[in-house]
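Trainee: got a structure for you, letters missing:
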């Protein structure tokens, strides 16, 4: 069992679990190839008997080898999986066979040298570079042991072996001379190195595909954008042993900047991805002037070791280390991987892996990260687009429902109220009936107002800095017209420069505040005022009603502690990084003051 540190130091590719189904298929393919190779050898002996002579022992050896291949095929068909011990046993037999047949063949010039090639290819297919080299070294060791045994112990006159079962088979004494044996050993080792290297590259490609497939499987629409990002980033952090990750992104048309962080440095593997407070100034810190599309940087005191690649995976020089040095002042890291991304021309950003620890060739790992972003990025962007499409579809459905309410229920209630008013006027002489009809008329009017407020809340608000002042003025005028409460909207702002989300939330706050005035205050006058200073926007709502049940001036934190104040307004103010102050004078009225910093952003939206 590896500790966390040991696990992180191992290459992530070596941690890819083997596929039992693929392992079983490889063994079946090798068994089939073993039978084909034995049949080909029998045909070669038949066509050129001089290779091994006319001895039945030669045919017997190859028939035994072919039967062994058939038996392995039968076992694989009967067994559901191939165990490691079974594979090692079969591989050991494959190693011994070419060493045995080489006693009677003519070294690399013999067609039976293919048995050496097969066993090396089998090791490469099953495992990788080091196992293939070990197989080649074992073959070389067996050949040299055979050379010593044959030339100094067992070989009889006429270069024959003293066992009757092998009569007719002549030993290729020339092939076991040190010089020729040395050259054959070199052939085997070089071939083992070549086949092992190719197998290792193929193994790495399979591991990369498995990683990409595994990460893509974590892209789930139902998890939402933040949940999907969290799952993917945790996987990447685990692969590269990074305890901390930061992602920064910027929307192209609004230039809004969003910064999020996932931090497991305290050992909490269940840590959640969270969005941080951010503003336009963070674009310079996280997004501008970093070298290449992907970059690795490690510091040794005041010296930096760096490597950067462009979008094509070509290494580019790192001329400017100032962005990395400035980032280090705020994030305090020893090494860093930073990776750029671009989603649909709508979002650009960078991912930062702090203090990664992995074993692997840096340029190859950085190229893999580029490929990972190319394949996973569109899936994340599709989740974002799908959620945005769902929000728009929901807004359209709410607007349709609001229209149906307006054209149906609201109009019917208004007609009923008008009929009741006519009946009430006709029955004014009868005081009890007139009073009861007046009460019913008031209830109908109240329900009409509630339905209109519900319709207003259901409508999607598409308001920006150009339309906010007009929307606020229309909202206040509609409130006065429908409720009979005197209301005014006042502002001294001529040129408004406000993010769209802040505009939308301020309009919702005004709508909610006016609803509260109508329902609870009993006020006769209301005032809405919007102002601005150099660092913030100021929104004020006043009325002369009965006020809250408490008296005095309370900040948002004080209201949270005491459980007081308008709940929905407090939540909306929090979403735009604002502050709410409530001043209540029971019997005299209420004053709500909302201040929003000009750099206020809404990280939850991304």
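Mentor: Looks like it arrived, so ask away. Being a predicted model, the structure only gives us computed values, none of them experimental. Numbering: from 1, shown residues only.
Trainee: Residue 340 sits in which helix or strand?
Mentor: Per DSSP states H and E, residue 340 falls inside strand 335-343.
Trainee: Tell me the first helix or strand C-terminal of that strand.
Mentor: Scanning the chain past strand 335-343 towards its C-terminal end, the next helix or strand to appear is strand 347-354 (assignment: DSSP H and E).
Trainee: Mind listing the strands that following strand pairs with, and their directions?
Mentor: The partner list of strand 347-354 in its sheet, established with DSSP bridges, is strand 244-251 (antiparallel), strand 335-343 (antiparallel).
Trainee: one step back: pull the residues that contact the strand holding residue 340.
Mentor: 240, 242, 290, 292-299, 324, 327-328, 347-356, 366, 369-370, 373, 377-378, 380-381, 384 (C-beta atoms under 8 Å, 6 or more residues apart in numbering). Where you see a C-beta, it was placed from the backbone N, CA and C, and this is true even at glycine.
Trainee: now, which of those lie within strands?
Mentor: When DSSP state E is applied, the contacts of strand 335-343 are split such that 294-299, 347-354 fall in strands.
Trainee: so who does residue 329 touch?
Mentor: If a contact means C-beta under 8 Å, 6+ apart, then residue 329 has no contacts.
Trainee: how near is it to residue 285?
Mentor: When distances are taken as C-beta to C-beta, to the nearest Å, residue 329 and residue 285 turn out to be 10 Å apart.
Trainee: residue ranges with poor pLDDT in the stretch 351-500 of the chain?
Mentor: 359, 392-417, 419, 424, 426-462 (pLDDT under 70).
Trainee: Recalculate using a threshold of 80.
Mentor: Screening the stretch 351-500 of the chain residue by residue with the criterion pLDDT under 80, one finds the ranges 358-361, 382-463, 482.
Trainee: Tell me where it has strands.
Mentor: For the stretch 351-500 of the chain, strands defined by DSSP state E, counting those that start in this stretch occupy the ranges 486-491.
Trainee: What is the least confident helix or strand in this protein?
Mentor: Within the chain, no helix or strand scores below helix 4-9, which has a mean of 39 by mean pLDDT, DSSP states H and E.
Trainee: before we move on, back to that, closest one to residue 116 among the strands paired with strand 347-354?
Mentor: Closest to residue 116 of these is strand 335-343 (C-beta to C-beta; 43.2 Å).
Trainee: quick one, what contacts the residue nearest the centre of the chain?
Mentor: The chain has residue 232 as the residue nearest its centroid, 2.4 Å off, counting by C-alpha atoms, centre = their mean. By C-beta under 8 Å, 6+ apart, residue 232 lies in contact with 215, 218-219, 376, 380.
Trainee: ok, now with 7 Å
Mentor: With contacts defined as C-beta atoms under 7 Å, 6 or more residues apart in numbering, the neighbours of residue 232 are 215, 218, 376.
Trainee: In which helix or strand does it reside?
Mentor: Using DSSP H and E, residue 232 sits in helix 224-240.
Trainee: what comes up buried for that helix?
Mentor: Within helix 224-240, the residues that qualify as buried by neighbour count (16 or more other C-beta atoms under 10 Å) are 225-240.
Trainee: and which of those residues is nearest residue 561?
Mentor: Out of those, the member with the shortest distance to residue 561 (by C-beta to C-beta) is residue 226, at 28.6 Å.
Trainee: and the closest residue in space to the closest one that isn't next to it in sequence, what pLDDT?
Mentor: Once flanking residues are discounted, residue 226 sits nearest to residue 273: 6.2 Å by C-beta to C-beta, 6 or more residues apart in numbering. According to the per-residue confidence, residue 273 scores 86 in pLDDT.
Trainee: And for residue 273, the neighbour number?
Mentor: 19 (other C-beta atoms under 10 Å).
Trainee: go on, residue 281?
Mentor: For residue 281, the neighbour count with other C-beta under 10 Å is 9.
Trainee: Which residues are in contact with it?
Mentor: Listed by C-beta under 7 Å, 6+ apart, the contact set of residue 281 is empty.
Trainee: And for residue 141?
Mentor: No residues are in contact with residue 141 under the rule C-beta under 7 Å, 6+ apart.
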